[in-house]
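this is the structure alone, sequence omitted:
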């Protein structure tokens, strides 16, 4: 079963999945994206992802309205792949024009969809927890826009990888914001805390899913800033994104988080996520 | 005479000047660029541009060493274009790989060269001076790297264009940094000032050319931070980049700079630039 590529109106083989060198996505990073996940051929929270895509497009004034077509295309791409579990990558750029910072009026956005088989992560990352590094948040100030301004993220995650870590926990002026490709939560004395969904972080769909699970469990969550010191003195740290769902962080740089094992609230969230997913998609538990 | 496109080892027509949708330049803005200018078939300060390109590549760990080949290719592209005066755009990205923030080892960088005819700017912008707007500097913190992280620049310049302005003068914490696609200088009581060449601004080749002209004239220049207030109370404001060379800014938002006319030091720099260029390239003055 192959990966699937869709570019501007047609499905194609990988060799012909190309865009002009004058696509503004290539020249300026002038575009936005989403990564969706299919479980058992159902795409998880697709409407929330497309809503966020719409907000990202609006924030940078790209005129694109064909969201119901995009939803159909996402399912069509998934079906063509033959994958039950997959990542569906959607990217929309402002389109192709002669290079100039100021785009011409009436551009035609470029639409790309790629379907990948969901990579299998080492199970030890979930059982024993993962290592993360601290890294300065050097990004621009509009990180709520899920844009292609991802060079700082790739630099952060490359450094994490070089230090055998799964993530880079970023901080600005002493405040922990989020990670290179995930949101981060801390737990202290049963109180869960995560950075508020302002302009400086991505408003993760998985972040929101975790907040809902916690509220359904009757737990309060503080959406407030926290410092590096609070992070390092936490009882639990975990990260959330579409691929890892919920993953315990048990070591930050050379320091274990608490006793170095995944904490109880993290484990509860991992289990509840799996339950919810299985109920939604009618799968029996492993 | 056509624009010229070169992609990864071959010259091609515009329709076939394409890159994979999995090029990291397209997915992550993971690449760097230069804009060079040819006057009379000579490329202005090409070695300085290629040195900066090398520094940008090193800063993001892209392994590319073929600079003498790139220099030859730039001249070959210029020759093929038939243009006497042209802009030579060079972009190098990390290359093509399955999407993952952390790139695989041993990637093959993508090399793109495009030659455009130099656009002719309205002469009034130089005689009467141009309008600029103030705009917050929302970019990442490594702007000395000439990278594809240009969405904030395009947003700033789009806003400027909507307000009939040539540039967006950006400021961070009350300090003027640079513009959307140029460096900015102020003059007060014959003293020229521009932001120091630290990590927060691009180290413009034109900026350096102006500093050299001023030093040759026996003038001192202060490479120090200045505030929005200092900007607005200046006797002269001018911007520098490869396309505009030196351009007077005579209005900022709704406020004239000084008496609203280009200042004497700005006019001297415009004239000296033209002299230097004409001496270098053996052209008679207009």
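Sure thing, it's come through. Please read these numbers as outputs of a predicted model, since none were measured by experiment.

count of neighbours near the closest residue to chain B within the stretch 151-286 of chain A?
Residue nearest to chain B within the stretch 151-286 of chain A: residue A:157 (4.1 Å; CB to the nearest CB). No exception for glycine: its C-beta is placed from N, CA and C like everyone else's. Using other CB atoms under 10 Å in any protein chain shown, the number of residues around residue A:157 comes to 24.

how close does it get to residue B:246?
Between residue A:157 and residue B:246 the computed distance is 41 Å (CB to CB, to the nearest Å).

what about residue A:69, neighbour count?
Taking other CB under 10 Å as the neighbour definition, residue A:69 ends up with a count of 10.

does it sit in a helix, a strand or a coil?
Residue A:69 carries the three-state label helix when classified by DSSP: H, G, I helix; E, B strand; the rest coil.

likewise for the one 5 residues further on?
Using three-state DSSP as the criterion, the local structure at residue A:74 reads helix.

that one and residue A:34 touch, don't they?
No: Residue A:74 is beyond contact range of residue A:34, at 9.4 Å (criterion: CB atoms under 8 Å).

got the buried residues for the helix or strand containing the residue of the stretch 151-286 of chain A closest to chain B?
With elements taken from DSSP states H and E, the one containing residue A:157 is helix A:151-162. If you call a residue buried by 16 or more other CB atoms under 10 Å in any protein chain shown, then helix A:151-162 has these buried ones: A:151-161.

quickly name whichever of those is closest to residue A:208.
Checking the buried residues of helix A:151-162 against residue A:208 by CB to CB gives residue A:153 as the nearest, at 20.2 Å.

which stretches of the stretch 151-286 of chain A aren't confidently modelled?
Counting by pLDDT under 70, the stretch 151-286 of chain A contains low-confidence ranges at A:280-286.

which parts of chain A are helices?
A:24-28, A:46-59, A:67-81, A:124-127, A:151-162, A:205-216, A:228-232, A:264-281 (DSSP state H).

show me the shaky parts of the stretch 1-150 of chain A.
Low-confidence regions of the stretch 1-150 of chain A, defined here as pLDDT under 70, cover residues A:1.

residue of it closest to chain B, please.
Using CB to the nearest CB, the point where the stretch 1-150 of chain A gets nearest to chain B is residue A:29, with a distance of 3.3 Å.

for the spatially closest residue to that residue that is not a sequence neighbour, which residues are in contact?
The shortest distance from residue A:29 to any non-neighbouring residue, by CB to CB, 6 or more residues apart in numbering or on different chains, is to residue B:29 (3.3 Å). The neighbours of residue B:29, taking CB atoms under 8 Å, 6 or more residues apart in numbering or on different chains as the test, are A:28-29, A:148-151, B:147-151.

give the buried subset of these as a ChimeraX selection command.
Applying 16+ other CB under 10 Å to the contacts of residue B:29 leaves a buried subset, and the ChimeraX line that selects it is:
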select /A:28,29,148,149,150,151 /B:147,148,149,150,151
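
make a markdown table out of the contacts of residue B:29 and add distance to residue B:112.
Output for the contacts of residue B:29, formatted as a markdown table (distance: CB to CB, whole Å):
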| residue | distance to residue B:112 |
| --- | --- |
| A:28 | 13 |
| A:29 | 15 |
| A:148 | 17 |
| A:149 | 20 |
| A:150 | 19 |
| A:151 | 17 |
| B:147 | 15 |
| B:148 | 11 |
| B:149 | 17 |
| B:150 | 15 |
| B:151 | 19 |
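
just the closest of the contacts of residue B:29 to residue B:223, please.
Nearest to residue B:223 among those, with distances taken as CB to CB, is residue B:147, at 22.7 Å.

distance of the closest residue to residue A:179 other than its chain neighbours relative to residue A:132?
With CB to CB, 6+ apart as the criterion, residue A:179 has its nearest non-adjacent residue at 4.4 Å, and that residue is residue A:167. When distance is defined by CB to CB, residue A:167 is 4 Å away from residue A:132.

between these two, which contacts overlap?
Jointly contacting residue A:167 and residue A:132 under the rule CB under 8 Å, 6+ apart are A:160, A:179, A:239, A:249.

who's the last one bridged to?
Going back to what we said before, that points to residue A:249. Counting by DSSP bridges, residue A:249 forms beta bridges with residue A:130, residue A:237.

what's stretch A:69-76 in contact with?
With CB under 8 Å, 6+ apart as the contact definition, stretch A:69-76 has outside contacts at A:6, A:36, A:43, A:46-47, A:50, A:53, A:88, A:90, A:111, A:113.

isn't the residue of the stretch 151-286 of chain A closest to chain B up against residue A:181?
Yes: when contacts are counted by CB under 8 Å, residue A:157 is listed as touching residue A:181 (6.4 Å).

who touches both of the two?
Between them, residue A:157 and residue A:181 share the contacting residues A:167, B:101, judged by CB under 8 Å, 6+ apart.

tell me the one among the contacts of residue B:29 nearest to residue A:259.
The closest of the contacts of residue B:29 to residue A:259 turns out to be residue A:150 (CB to CB; 34.8 Å).

picking that back up, buried subset of the contacts of stretch A:69-76?
Among those, those that count as buried by neighbour count (16+ other CB under 10 Å) are A:6, A:36, A:43, A:46, A:50, A:53, A:88, A:90, A:111, A:113.

next step: those residues restricted to strands.
Using DSSP state E, A:6, A:36, A:43, A:88, A:90, A:111, A:113 are the members of the buried ones among the contacts of stretch A:69-76 that sit in strands.

report the contact partners of residue A:172.
Contact analysis of residue A:172 by CB under 8 Å, 6+ apart lists A:136-137, A:200.

one more pass at 7 Å, please.
Shown here is residue A:172, whose contacts under the criterion CB atoms under 7 Å, 6 or more residues apart in numbering or on different chains are residue A:137.

again with residue A:176
A:169, A:184, A:195, A:226-228, A:231.

hmm, which of the residues you listed are the buried ones?
Among the contacts of residue A:176, those that count as buried by neighbour count (16+ other CB under 10 Å) are A:169, A:184, A:195, A:226, A:231.

return the member of those residues nearest to residue A:211.
Looking at the buried ones among the contacts of residue A:176 and their distance to residue A:211, the nearest is residue A:195, at 12.1 Å (CB to CB).

quick check: that closest one touching residue A:202?
No: using CB atoms under 7 Å, residue A:195 makes no contact with residue A:202, being 10.2 Å away.

find the residues that touch each one of the two.
Once CB under 7 Å, 6+ apart is applied, the residues that residue A:195 and residue A:202 both contact turn out to be residue A:178.

chain A against chain B: which residues are in contact?
Contact residues (CB under 7 Å from any CB of the partner chain) of chain A with chain B: A:5, A:7, A:17-21, A:23, A:25-26, A:28-30, A:60, A:89, A:99, A:101-103, A:112, A:114, A:138-142, A:147-155, A:157-158, A:161, A:180-181.

what is the burial count for residue A:8?
As a burial measure, residue A:8 scores 15 neighbours (other CB under 10 Å).

identify the farthest-apart pair in the contacts of stretch A:69-76.
With distances taken as CB to CB, the most widely separated pair in those is A:6 and A:47, at 19.7 Å.
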